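1. Sequence and computational prediction follow.
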Amino acid sequence: MIYSLGSLETPPRLESRLMNKWIMKIRCLNSLQFHKSLLPRKNPVFKSLTSSSQCFQFSTHDRKSCPFLRLTQDPNPTPVSVPYYKLLSKCNATKTLSPGMQIHAHVLKFGSIKDPKTRNFLINLYAKCKLFGYARKLVDESPEPDLVSWSALISGYTQNGFAKEAIVAFHEMHLLDLKCNEFTFPSVLKACTFTKDLELGRQVHGIAVVNGFESDEYVGNSLVVLYAKCGRFDDSRRLFEDIPQRSVVSWNALFSCYVQSDYFGEAVELFHEMVSSGIRPNEFSLSSMINACTGLEDSGQGRKIHGFLIKLGYDSDPFSKNALVDMYAKIGNLEGAVAVFEEIMKPDIVSWNAVIAGCVLHDNHDCALDLFGQMRLSGTHPNSFTMSSALKACAGIGLKELGRQLHCNLIKLNIGSDSFVDVGLIDMYSKSGLMNDARMVFNLMPDKDLIAWNAVISAHSQNEEDMEAVSLFPLVHKEGVGFNQTTLSTVLKSIASLQASNVCKQVHALSVKSGFESDPYVVNSLIDVYGKCTLLEDATRIFRECLIVDLVGLTSMITAYSQSGQGEEALKLYLEMLDRGIEPDPYVCSSLLNACANLSAYEQGKQVHVHVLKHGFTYDIFAGNSLVNMYAKCGSIDDAERVFSNIPERGIVSWSAMIGGLAQHGHGKEALQVFHQMLKSGVPPNQITLVSVLCACNHAGLVTEAQKYFGSMKDLFGFEPMQEHYACMIDILGRAGRFEEAMELVNTMPFQADGSVWGALLGAARIHKNVELGQRAAAKLLTLEPEKSGTHVLLANIYASVAMWDDVAKMRKLMKDCNVKKEPGISWIEVKDKIYTFIAGDRSHVRSEEIYAKLDELSERLNKAGYVPKVEFDLHDVDRGEKEKLLYHHSEKLAVAFGLIATPPGAPIRVKKNLRVCVDCHTAFKFISEIVSREIILRDINRYHHFKDGSCSCGDYW
């Protein structure tokens, strides 16, 4: 270590520089103005003591013989035989000001103020009691500079938190050529610690070294704390090692700094080193260690420290007891926390706060409110921390009325605005869905700090009022409050919900400008928002540029890949995560399962299921719901039902996933049975559930049941049908050929018909070969969604189905003139953990020759079985033979042919297609399933088709 000051006798040039530096510090601090404001008035009035027993407890004999009492009670005092400084020492020991001031008056009257001991005791008393004007006046009136006087003044400043004033006084003392002693140095070093002024601390350190005090334990302890609090733990540790005789105080000083800086593990190691060296810990050592165990969340180590407390007889120490309650509560051992709490004879507010806050932290809100009631009955008055915990408990269990009562009590107590309580009120009201009340509390806050702004922004975001949350962010900036990573993360969450990519880029730029671009919370939020805004390249770039990759970041990136349909990239990243040694959690497993579901990657989904089992997430609600969804979307509804039956507490998401899965697989009646089970179990449906119920009716052709649920939605379940419900109902009526009812619903629904409604009608027109309806629906769709090629193709298919070839040609020409290209059909199949992709006529596969040979073989067998190609649905302007050849080479047929040659005999073949399966392929697969004795499970854009033994699960109703 290098010291700026080597000694008090510095060279003239250096002394001049140091003098100028100190003068600048004095000017900056305006110390003269500070001292003038604290000087006494010209005629100070010393109040008489009404009862000396208020300050000291004396026996009857003492009252007769004690000169102090005679002095304070005698109306005509005379000099006493006992020295004044001995009387003042008692006042100093208890910080008793009034009798000390009476003694001061007595000293002035009899001219004893010149006694240095008496003057120094008075300076010490006034400095301790924050009467710095009196103390400084006595120092200035000293006939000659006195080290003890200055030391007392500096100590008083430091003890009362006036660190800058202490430093100014130290410099003035230094200019008077007074050398510090072992009592002055600790006070000055403590002042440097308060101000985090390491440069000045180094200079004082240099002076201490030159004057030979570096080996003094008190000075050494102060230096250890200074360097540690300024982040220089290596220097702090070296200074600690240089202390010749380290007591428990020295050890406490060091590891308390480690604990306060969150170096909990290092603090525990130091504690064990201290014990091994033969030093007996005291109650302060053990309290620090309890806090370290709290930070580490190490219950085992915490119990060992608890054992030390009992063994060494400190188990009744109130500070240690409170620390134990706090530790057990924060690490989740509420029984231990309550047990220690009940051992406290007279719990104070700190004790109550620790145990109540611990219950709230671990969602034991009933217990927290019960303890809060006990505290009120015990006569202990709650403070802002207690009220904040009680409000959180109310929010946690939805007791908004009790929360209101607590708010009323706060108003009646008239304790003024407390930001801590106000934030608790905002949180309570927002979690109770009372955003108007939450906003009112916020608006009435006189001083809104960043925590309050974060609380109200988060409240809007949690209540899905994302636009309001985002609009508050510029106001925070305008008010000059600033923002932190919490603000940015919350705002980005709302931006993600709004999918406002432009706003996202602006907030991203602001985070870079403000230095938050490397903060893990902000980085992960940016990955999430770019992913949800479908800006995958930006999300990937941020992820790859991130210096520290954690589980949250990986989960955000995997989710982004999954939501963008890049399931393969999601699975690759998961393998990369495992290679990094990062263990998955239920959320990342849920994202992976969704990726497998989107790819229909059944085998890979099963492997993720193994990881779910391996890491103990079997009963996790998120993982369970995702498993149901994955198996359903991978075509294995039996596996989905098994997982669903093992979910211990099924919520609305679980039930909806199972109902939707059964519906998509054509098991309409089974889906309705599950829906009735859900209602019997007391879980109310939401709008998504009712969409799944109507889809189940649709896939099963249950028109009457669908009308019943649609018509009674408001009466039975409390919400009006949404656009999605109308689209489902119109599709059901259209597929059933009830066009008049369908059109009546279109004309009377409270929404403007969108693409989903007209698309449903166009599909119904194709099924029933209704040209008029098809033309009307297509005209609407071409206006609403001109870029989609499916409309042209479906209308052309309708024309083809009734042999209107001229209109087919016109439609083909229209597509060419408008540069509308038919979306290419793409099919996927998973074989041995790998996804293979096919397009029509594809010959890029390494086993292409085998695939086409298998198709030729199937063609012969299909013809013999009675299959006739549906060439009327092919729109190419070629002869029949060429059309048959094109139909044979559709992407789904190529995928099925590859499945037949690449999978074991008898194994199901699972194929996914991006479009609706064509009529010809649907017909062919029924024949193939019977010819090869295989189940073919095809997932198209609308539903699942299970082809088995010559029939399809949809019953040709799709």
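-> Yes, it's here.

2. any weak-confidence spans in this protein?
-> 1-82, 85, 112, 413-417, 872-879, 957-958 (pLDDT under 70).

3. ranges for the helices of the stretch 551-700 of the chain?
-> Shown for the stretch 551-700 of the chain, the helices assigned by DSSP state H, counting those that start in this stretch span residues 551-563, 567-579, 586-599, 602-614, 621-633, 637-646, 652-664, 668-680, 687-700.

4. hmm, who's touching the second one?
-> Taking contacts as C-beta atoms under 8 Å, 6 or more residues apart in numbering, the residues outside helix 567-579 that touch it are 551, 554, 557-559, 561-562, 584, 588, 591-592, 595-596, 598-599, 601, 604, 608, 835. Bear in mind the C-beta positions are built from the backbone N, C-alpha and C, glycine included.

5. re the thing from before, got JSON lines for the helices of the stretch 551-700 of the chain, with mean neighbour count and distance to residue 854 too?
-> Output for those, formatted as JSON lines (neighbours: other C-beta atoms under 10 Å; distance: least, C-beta to C-beta, whole Å):
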{"stretch": "helix 551-563", "mean neighbour count": "24", "distance to residue 854": "33"}
{"stretch": "helix 567-579", "mean neighbour count": "18", "distance to residue 854": "25"}
{"stretch": "helix 586-599", "mean neighbour count": "25", "distance to residue 854": "24"}
{"stretch": "helix 602-614", "mean neighbour count": "18", "distance to residue 854": "21"}
{"stretch": "helix 621-633", "mean neighbour count": "26", "distance to residue 854": "27"}
{"stretch": "helix 637-646", "mean neighbour count": "18", "distance to residue 854": "28"}
{"stretch": "helix 652-664", "mean neighbour count": "24", "distance to residue 854": "29"}
{"stretch": "helix 668-680", "mean neighbour count": "17", "distance to residue 854": "35"}
{"stretch": "helix 687-700", "mean neighbour count": "24", "distance to residue 854": "31"}
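
6. of those, which approaches residue 365 most closely?
-> Comparing the helices of the stretch 551-700 of the chain against residue 365 with C-beta to C-beta, the closest turns out to be helix 621-633 (19.7 Å).

7. list the helices and strands the closest one packs on?
-> Helix 621-633 makes packing contacts with helix 586-599, helix 602-614, helix 637-646, helix 652-664 when contacts are defined by 3 or more C-beta pairs under 8 Å, 6 or more residues apart in numbering; DSSP states H and E.

8. and those as CSV, adding distance to residue 270?
-> Supplementary listing: the helices and strands packed on helix 621-633 in CSV, determined by distance: least, C-beta to C-beta, whole Å:
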stretch, distance to residue 270
helix 586-599, 37
helix 602-614, 38
helix 637-646, 48
helix 652-664, 49
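
9. mind checking which of the ones you listed is nearest residue 530?
-> Here helix 586-599 is closest among those (C-beta to C-beta), at 15.6 Å.

10. Give me the packing partners of the closest one, helices and strands only.
-> With contacts defined as 3+ C-beta pairs under 8 Å, 6+ apart, helix 586-599 has these neighbours: helix 551-563, helix 567-579, helix 602-614, helix 621-633.

11. Alpha carbons of it, as PDB, please.
-> Presented in PDB, the C-alpha positions along helix 586-599 are these (Å, rounded to 0.1, in the frame of the first residue of the first chain):
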ATOM      1  CA  PRO A 586     -39.600 -26.300 -15.000                       C
ATOM      2  CA  TYR A 587     -39.800 -23.200 -17.200                       C
ATOM      3  CA  VAL A 588     -37.100 -24.200 -19.600                       C
ATOM      4  CA  CYS A 589     -38.500 -27.700 -19.800                       C
ATOM      5  CA  SER A 590     -41.900 -26.100 -20.500                       C
ATOM      6  CA  SER A 591     -40.500 -24.000 -23.400                       C
ATOM      7  CA  LEU A 592     -38.700 -27.100 -24.800                       C
ATOM      8  CA  LEU A 593     -41.900 -29.100 -24.700                       C
ATOM      9  CA  ASN A 594     -43.700 -26.400 -26.600                       C
ATOM     10  CA  ALA A 595     -40.900 -26.400 -29.200                       C
ATOM     11  CA  CYS A 596     -41.400 -30.200 -29.600                       C
ATOM     12  CA  ALA A 597     -45.100 -29.700 -29.800                       C
ATOM     13  CA  ASN A 598     -44.700 -27.200 -32.600                       C
ATOM     14  CA  LEU A 599     -42.500 -29.600 -34.500                       C
END
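
12. Run the chain-centre distance for that helix.
-> Here the centre of helix 586-599 is set off from its chain's centre by 21 Å, with C-alpha atoms, centre = their mean, to the nearest Å.

13. Could you do stretch 842-862 as well?
-> Remark: stretch 842-862 is offset 53 Å from the chain centroid, using C-alpha atoms, centre = their mean.

14. Any buried residues in that stretch, and which?
-> When neighbours are counted by 16 or more other C-beta atoms under 10 Å, the buried residues of stretch 842-862 are found to be 842, 851, 852, 854, 855, 858, 859, 862.

15. and of these, the nearest to residue 900?
-> Nearest member of the buried residues of stretch 842-862 to residue 900, counting by C-beta to C-beta, is residue 854, at 5.8 Å.

16. how about that closest one, what does it touch?
-> The contact partners of residue 854, taken as C-beta under 8 Å, 6+ apart, are 897, 898, 900, 901.

17. Quick check: the second one touching residue 846?
-> No: the pair residue 898 and residue 846 does not pass the contact test of C-beta atoms under 8 Å, sitting 10.5 Å apart.

18. quick one: common contacting residues for those two?
-> Contacts common to residue 898 and residue 846, judged by C-beta under 8 Å, 6+ apart, are absent.

19. follow-up on the earlier one: now restrict the contacts of residue 854 to buried residues only.
-> Of the contacts of residue 854, these count as buried by 16+ other C-beta under 10 Å: 897, 898, 900.

20. what residues are up against the first one?
-> Put plainly, it is residue 897. Residues near residue 897 by C-beta under 8 Å, 6+ apart: 851, 852, 854, 855, 858.

21. helix, strand or coil for it?
-> Residue 897 falls in the helix class when you classify it by DSSP: H, G, I helix; E, B strand; the rest coil.

22. Identify the residue nearest it in space, chain neighbours excluded?
-> residue 854 (4.3 Å; C-beta to C-beta, 6 or more residues apart in numbering).

23. How about the last one?
-> If the residues on either side of it in the chain are set aside, residue 900 comes closest to residue 854, at 5.8 Å by C-beta to C-beta, 6+ apart.

24. and after whichever strand or helix holds that neighbour, which helix or strand comes next?
-> Using DSSP states H and E, residue 854 sits in helix 848-865. Heading C-terminal from helix 848-865, the first helix or strand you meet, by DSSP H and E, is helix 880-888.

25. Only the buried residues of that next one, if you could.
-> Using 16+ other C-beta under 10 Å as the burial criterion, the residues of helix 880-888 that qualify are 883, 884, 886, 887, 888.

26. Checking residue 945 next. Helix, strand or coil?
-> strand.

27. partner residues bridging the closest residue to it other than its chain neighbours?
-> Distances taken as C-beta to C-beta, 6+ apart put residue 938 closest to residue 945, at 4.5 Å, once the chain neighbours are dropped. Beta bridges link residue 938 to residue 911, residue 945, judged by DSSP bridges.

28. Residue 938 and residue 892, how far apart?
-> Plainly put, residue 938 is 7 Å away from residue 892 if you go by C-beta to C-beta, to the nearest Å.
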